[in-house]
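Peer 1: predicted model and sequence below, questions to follow.
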Amino acid sequence: MLKKRDMNPTDIAKHFDFTLPGISAHLRILKDADLVIERKKGQRVFYSLNKKCPSDVKRFFQIMWPYRSK
C-alpha cells in the first residue's frame, strides 16, 4: 500500500480492521524498525515505505500482505 503512495494513518486504517490508535502503534513500530519513513506536512503526518530497507524484509511483507488486508 505504501509502495504506491504516501498515506496518513486515517487512510491506512481504512484498509484494516484496526482502530486508529492500533494503526498508529503499528506505524510507530515500523518507523522504529526503519521500514517506513514519517513526514510531517502541517498538522498531518504521512508515511511512506523506506525503499532502503533490505530486500528480504520487503519480500516478507509482500508474502504476508494478502493475509492482513481486507
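Peer 2: All right, it came through fine.
Peer 1: could you pull out the strands for this protein?
Peer 2: For the chain, applying DSSP state E gives strands covering 36-41, 44-49.
Peer 1: out of those strands, which is the most enclosed?
Peer 2: With neighbours defined as mean count of other CB atoms under 10 Å, the strands of the chain peak in mean count at strand 44-49, which reaches a mean of 16. (Glycine included, C-beta is placed from N, CA and C.)
Peer 1: please tabulate the strands of the chain in JSON lines, including the columns mean pLDDT and distance to Leu30.
Peer 2: Below are the strands of the chain laid out as JSON lines (pLDDT from 0 to 100; distance: least, CB to CB, whole Å):
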{"stretch": "strand 36-41", "mean pLDDT": "93", "distance to Leu30": "4"}
{"stretch": "strand 44-49", "mean pLDDT": "93", "distance to Leu30": "8"}
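Peer 1: tabulate the ones you listed (TSV), appending distance to Phe60.
Peer 2: Listed next are the strands of the chain as TSV, based on distance: least, CB to CB, whole Å:
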stretch	distance to Phe60
strand 36-41	14
strand 44-49	13
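Peer 1: out of those, flag the one nearest Ser24.
Peer 2: For Ser24, the closest of the strands of the chain is strand 44-49, at 9.1 Å, according to CB to CB.
Peer 1: now Pro5: how far from Leu49?
Peer 2: Just so we're on the same page, residue 5 is Arg rather than Pro. Separation of Arg5 from Leu49 (CB to CB, to the nearest Å): 10 Å.
Peer 1: out of the strands of the chain, which is closest to Phe16?
Peer 2: Of these, the one closest to Phe16 (CB to CB) turns out to be strand 44-49, at 13.5 Å.
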